[in-house]
Every structure is written in structure tokens, then in C-alpha cells.
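Asks: 3D model of this:
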Amino acid sequence: MDHSLEAMLPLETLRAFDAAARTGSFSAAAERLNLTHGAVSRQIAKLEGWVGLKLFERGARGVSLTIEGNRLHIRVSEAFALISSHSDRWVEPRGSAVVKLTSIPSISGLWLMPRLSVLENGDTRLRIMLDIDIRQSDLADEGFDLSIRCGRGRIAERISLQLFEEHIFPVASPELAAKIGGGEPARLLHYPLINDSDASGWRAWFGQFGMNYHPRPQDRRFEDYNLVLDAASYGLGIALARPPLTERQLAAGRIVPVDERKVLNPVSYWLDRPIGRPRAAAGELAHRLGRMAGVPAERIEAFLAAEE
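Replies: Presented below is the predicted three-dimensional model:
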């Protein structure tokens, strides 16, 4: 079959196939890879659909390779051995306490990283494997236990829990803030405004005071909120503080409030997980993240128990 025009299979699919072939069990493969049984089953089904062949015989006591599956496994094993012997890539730790968490750069650097040590250490020690990605990836297919994202609501094929909202307000470097001074909200339009991925934050802030905002040529835009804060701290314009992402920058005095009036941001922060029963370590991390964000315990339990 010619797959030249089809998307390349992710490495996780072949890893799931290799683990199932070696253990003779989807459940054992899931345990080895720190995935759910359903995630491994979906990976195998995806691979069988891609190659157009049945790779496993399913039985009551496990699975066994078909003739075609055995041929493919020989090639996959050879490929993995070749990659291993010619690669200096980082080898991810494995074990029941490892949790794979994905998030965007701003949340990872500004909210998760300062809390990572506390999140990993508790009555049960966890190891968080943090993946930085701006895509809304398929959590189950890519082997992620949890995701933290910024958005406007739930996403299909995920179980979602709102972690926290943010009340935004304008900030700038101390020097620029002193120059701007106090007054009506309209005074800020005399200076460049800094946006992140879109202008929704500034629209919401000005809209609260009956004003329409549209980005202008003098305004700036940076996709990553870390860069938004850096630009503000260097006096390039006025940004919007998004607590709790800006706690440390405000405490350090790199940026200061330009206007104390706060507005609820139309986006908020969400904890997502794949559909299916979460692993114990993923459930424990969800509890810790929820408590850290001030989410009531009953909402965390409902998030973990939900089936769709």
C-alpha cells in the first residue's frame, strides 16, 4: 500500500505496537508505557488501519502476532535498535509514577515551573514529564495523561475541568508607567499596546468602559505571553497582566500597574484529560493541580470520574 500521500505515523504508535508484541498483552503494554489500555488499543487500531493488515490475534488471555504482524515487528525492532545505537536523544524515564503533562510555553514557564517541585513531592512522589506544545494535540494518541491550556471552553474528545480565571489589568515598565500617570482609560491609547495571540484581552478591558479597541500599526503582537511580559518590562508598550501568571514579575518590580481597574478575561485555564479511566499517578497530579488552583475537591473528583 502506498502511504506517500498520508501523514507519517507518530513514533508512539510504533512504540505501542512493539510493547504489545513483546508482552503479548495490551494491558501489560499500557503499564510499560504509562498509558491506559484504551490508548494502546487505539494506537494498534491506527497502525492496522495504516498498513491495511491485521497485526494481532485477540484472545481471552492476551494477544499474539499474526504472520504479517511478526514480519512488521522484526522490522520495527531492527529500526529501534538502529536508532538507539546512533542517537544521543534523551531517554524518557518510565514507571507508574511518571505523568505526561502537556501545556503551552506561557503556562509552563510562568505557572507550572515555579510549582513543579511541590507538585512532584507529596505523600506519593511523582515524576512529571512536561511537554511544551502550542497544538491542541490528541491526548490519547500521543500518550499524554493531562493537559493544561488557555481557552474559552471544553474541547471535544476530552474531559475538561476549569482550573481558574484571570482578572486582567494594564502594566508597563516602571519608567513608562511613571510617564503615563493616572487618569481615564482612554489615555492608554496614546501609547503602543502589546497583544499576545489575539486582541481579545484588550477588547474586553476597553469594552468594560464603553470603548472599542482595534489593533493599530503602533501596537505590537507576540504569540508567546513570556515575550509579551519581556516587551513590557523593556518599555516597548503597555501589556495586560494575567494573574496568576504575572505574580513574580510584579513582585520583582519588572512591571508595575498602569491602571488598577480589572476586567475578567474572556479566556480561562483548563485541565484536560483523555476519555477513559485515568492512571493513578495522573489522578494524583490532577488532585494536586486542582488544589493549587483552588478548585473544590468534589469538582476534581467529578472530573476524574467523568466518562465523557
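
Asks: Now for the closest residue to Phe209 other than its chain neighbours, how many residues are close by?
Replies: Leaving aside its sequence neighbours, Phe209 sits nearest to Pro185 (Cβ to Cβ, 6 or more residues apart in numbering; 4.7 Å). C-beta here means a position set from N, CA and C on the backbone, and glycine is covered the same way. Other residues lying near Pro185 total 16 when counted by other Cβ atoms under 10 Å.

Asks: does Pro185 really touch Tyr213, like I thought?
Replies: No: counting by Cβ atoms under 8 Å, Pro185 does not reach Tyr213; the two are 10.0 Å apart.

Asks: about what we covered before: okay, the residue nearest to Phe209 and Pro266: tell me how far apart.
Replies: Pro185 sits 18 Å away from Pro266, taking Cβ to Cβ, to the nearest Å as the criterion.

Asks: And Ile128, what's its pLDDT?
Replies: Ile128 is assigned a pLDDT of 94 by the prediction.

Asks: Leaving out sequence neighbours, find the closest residue to Pro215.
Replies: Using Cβ to Cβ, 6+ apart, the closest residue to Pro215 is Ala199 (5.2 Å).

Asks: what's near enough to touch that neighbour?
Replies: By Cβ atoms under 8 Å, 6 or more residues apart in numbering, Ala199 lies in contact with Tyr213, His214, Pro215.

Asks: Can you flag the buried ones in these?
Replies: Tyr213 (16 or more other Cβ atoms under 10 Å).

Asks: So which elements touch the least confident helix or strand in the chain by mean pLDDT?
Replies: Lowest by mean pLDDT, DSSP states H and E among the helices and strands of the chain is helix 67-85, with a mean of 81. Where contact means 3 or more Cβ pairs under 8 Å, 6 or more residues apart in numbering; DSSP states H and E, helix 67-85 is packed against helix 11-23.

Asks: Cheers, nothing more for now.
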